[in-house]
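**Student:** No letters, just coordinates:
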């Protein structure tokens, strides 16, 4: 029969969970099923008899019978209570994470990580259809959280890139850490919170939500601050929950420019004072109408405010941008940009904004060809 809620990932995770979580059958349990055994072998489970075989070269399988939550090992770990620590691994605050491996005819203990490392959740990029994992580790007594491409975590040749963020991984421990994180993920696959992420601001797919910088505006009017580091713990997978994650520092600076400060009433009073200046108030209208273009199916357009120098053009752009966030062109987190940028940057900035104004100042800082290219390539 077809189960409408079936997913391959959840089924694989539950299968692995059942395998890892099933302890050896005890003699007492077997006898309760009607199988009588009058021998006194000195063991509690038949599997232990393998240790009593003379000259046996068979490997001894040691399996933990209790599921240990990560929280039971480190109570302040930044993840949910039901996240399980993988079987076959041990953790102590002194030695970190360790496991055993076969060497010759015996077993040796190897270090996976000198500190606790966990996966706190999964992230699906709705634009690129790729997955990332939020990885957390202890650093100087604090939890360091980083969003890492799943491909990076899956290979021992690339997982060492986490070292630049302070993660204590080396070329020696890389292989063991990849295996540990793979088991950690699949064991908890159905327990992890999952977020949809994007590197696009404004309207999201199917217009289920609108990203105003790091603030997500939902259809019911509620606003979620997605910049919170514990967003994975507070929110779970839902169609209208989308979190902005920029590709670099520049993307994040643009996103941080969109926010609210001060009083709405005072802003309205200030805007009302410029009604006597048609060009100024027109720019405010143009700025405010950008989210409606996609809804109405209207093509994008460009407004050029041209006049001689020192006549208030930049001030007008600041007023128009103030409807959305920080219009101070001297701030690192600003939404008023200059034409004095590379074409690559201008294209990337334009591609980030879907339903938000793209404000550029001072064309005299750019070459004529660059302006033409910027206008028509970024439309």
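**Tutor:** Sure, I can see it. Just so it is clear, the structure is predicted and the values come from calculations on it, not from any experiment.
**Student:** pLDDT weak spots in the stretch 101-250 of the chain?
**Tutor:** Within the stretch 101-250 of the chain, the stretches with pLDDT under 70 are 228-240.
**Student:** can you pull out the helices in it?
**Tutor:** Under the criterion DSSP state H, counting those that start in this stretch, the stretch 101-250 of the chain contains helices at 150-153, 174-187, 231-234, 249-256.
**Student:** Now do the first one: which elements does it pack against?
**Tutor:** Using 3 or more CB pairs under 8 Å, 6 or more residues apart in numbering; DSSP states H and E as the contact criterion, the neighbours of helix 150-153 among helices and strands are strand 130-139. All C-beta atoms are positioned from the backbone trio N, CA, C, and that covers glycine.
**Student:** and stretch 89-109, how far apart are its ends?
**Tutor:** With CA to CA, to the nearest Å as the measure, the ends of stretch 89-109 fall 10 Å from one another.
**Student:** meant to ask about stretch 99-109
**Tutor:** Stretch 99-109 end-to-end distance (CA to CA) = 6 Å.
**Student:** mind listing what's buried in that stretch?
**Tutor:** residue 99 (16 or more other CB atoms under 10 Å).
**Student:** Ok, stretch 129-141 next?
**Tutor:** Neighbour-count burial for stretch 129-141 [16+ other CB under 10 Å]: 132, 133, 134, 135, 136, 137, 138.
**Student:** re the thing from before, tell me which of the helices of the stretch 101-250 of the chain is the most buried.
**Tutor:** Mean neighbour counts were compared across these using mean count of other CB atoms under 10 Å; the top stretch is helix 174-187, at a mean of 19.
**Student:** Output the contacting helices and strands for that one.
**Tutor:** helix 8-21, strand 96-103, strand 106-113, strand 117-125, strand 130-139.
**Student:** Of those, which is nearest residue 243?
**Tutor:** Among the helices and strands packed on helix 174-187, the nearest to residue 243 by CB to CB is strand 117-125 (7.4 Å).
**Student:** what's next to that closest one, contact-wise?
**Tutor:** The contact list for strand 117-125, computed with CB atoms under 8 Å, 6 or more residues apart in numbering, reads 70, 77-79, 83, 97, 130-137, 145, 147, 167, 177, 180-181, 184-185, 188, 192-199, 232-233, 243, 245.
**Student:** low pLDDT regions in the stretch 251-379 of the chain?
**Tutor:** Using pLDDT under 70, the stretch 251-379 of the chain drops low at 363-379.
**Student:** list the contacts for residue 174?
**Tutor:** 156, 157, 159, 160.
**Student:** Could you find the closest non-adjacent residue to it?
**Tutor:** residue 156 (3.9 Å; CB to CB, 6 or more residues apart in numbering).
**Student:** One more: residue 274?
**Tutor:** Residue 274 sits nearest to residue 280 (CB to CB, 6+ apart), 4.6 Å away.
**Student:** Surely the one you found is in contact with residue 316?
**Tutor:** Yes: between residue 280 and residue 316 there is a contact at 4.9 Å, judged by CB atoms under 8 Å.
**Student:** distance between stretch 325-341 and the chain's centre?
**Tutor:** Averaged C-alpha coordinates place stretch 325-341 at 27 Å from its chain's average position (CA atoms, centre = their mean, to the nearest Å).
**Student:** Quote the end-to-end distance of stretch 91-98.
**Tutor:** Stretch 91-98 has an end-to-end distance of 6 Å (criterion: CA to CA).
**Student:** Could you list the buried residues of that stretch?
**Tutor:** In stretch 91-98, counting by 16+ other CB under 10 Å, buried: 91, 96, 97, 98.
**Student:** Which two of those have the greatest separation?
**Tutor:** 91 and 98 (7.7 Å).
**Student:** ok, how many other residues are close to residue 263?
**Tutor:** Neighbour count for residue 263, taken as other CB atoms under 10 Å: 10.
**Student:** same deal with residue 270?
**Tutor:** 13.
**Student:** Begin at 529 from now on, thanks
**Tutor:** Done: numbering now begins at 529, and the last item shifts to residue 798.
**Student:** Surely residue 786 and residue 744 touch.
**Tutor:** No: taking contacts as CB under 8 Å, residue 786 lies outside contact range of residue 744: 11.5 Å.
**Student:** Return the distance of stretch 837-857 from the chain's centre.
**Tutor:** The answer for stretch 837-857 is 33 Å, by CA atoms, centre = their mean.
**Student:** From start to finish, how long is it in a straight line?
**Tutor:** Distance between the two ends of stretch 837-857: 17 Å, counting by CA to CA.
**Student:** Could you do stretch 676-692 as well?
**Tutor:** 12 Å.
**Student:** now that stretch, how far from the chain's geometric center?
**Tutor:** Stretch 676-692 has its C-alpha centroid displaced from the chain centroid by 15 Å (CA atoms, centre = their mean).
**Student:** One more: stretch 555-565?
**Tutor:** The answer for stretch 555-565 is 50 Å, by CA atoms, centre = their mean.
**Student:** Mind listing what's buried along it?
**Tutor:** Buried, per 16+ other CB under 10 Å, within stretch 555-565: residue 555.
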